[in-house]
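Engineer: Quick one: sequence plus predicted model below, questions after.
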Amino acid sequence: MSNIAPQRHNFIVYAPDMTDEGALQRRLNVRAKHLERAKVEVANGVFKVAGAMLTPESIESPTAQKKMIGSVFVCEAESLGEVRKLIEGDVYYTSGVWDKDKLVILPLALATQLP
């Protein structure tokens, strides 16, 4: 029996939202469930950095509406397949929030330390 831990790698996940008229409302409808699961993955050490992508107009003024248009994650896992399974099990994926055709998951070589 080996005491060597499996090697873990970093991955970047780019998950843009669908652009149809109902996409934002679908996101808002399941957001609480998505955030609950994200907290679990942060506690498990899988999600290192995660957040919503916003439109450029979202930061034009302090009172600008923050319009979410997708998600980005930096994950740590043993394999790309493990990350893909995790993302495909997310409520944003299964509820048609994220655009499955534009989803990108790639290994990431960090040039700086994670927070």
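Structural biologist: Happy to help now that I have it.
Engineer: alpha carbons only for contacts and neighbour counts from here, please
Structural biologist: Fine.
Engineer: Now do the strands in this protein.
Structural biologist: For the chain, strands defined by DSSP state E occupy the ranges 9-16, 47-54, 68-77, 104-107.
Engineer: quick one: low-confidence parts of the protein?
Structural biologist: Where the chain drops to pLDDT under 70, the residues are 1-2.
Engineer: Name all residues that make contact with Val49.
Structural biologist: 73-75, 114 (Cα atoms under 8 Å, 6 or more residues apart in numbering).
Engineer: bridging residues for it?
Structural biologist: Beta bridges link Val49 to Val74, judged by DSSP bridges.
Engineer: Ok, the one 4 residues further on next?
Structural biologist: Taking DSSP bridges, one obtains Gly70 as the residues bridged to Met53.
Engineer: That one and Glu36: what is the separation?
Structural biologist: Distance of Met53 to Glu36, computed by Cα to Cα, to the nearest Å: 18 Å.
Engineer: ok, now Ala77?
Structural biologist: Note on Ala77: its distance to Glu36, by Cα to Cα, is 19 Å.
Engineer: swap in Ile12?
Structural biologist: Using Cα to Cα, one obtains 20 Å as the distance from Ile12 to Glu36.
Engineer: Compare the two (neighbour count), which wins?
Structural biologist: Shown here are Ile12 and Glu36; by other Cα atoms under 10 Å, Ile12 has more neighbours (20 against 10).
Engineer: before we move on, back to that, would you reformat the contacts of Val49 as CSV and include neighbour count?
Structural biologist: Output for the contacts of Val49, formatted as CSV (neighbours: other Cα atoms under 10 Å):
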residue, neighbour count
Phe73, 19
Val74, 21
Cys75, 24
Leu114, 8
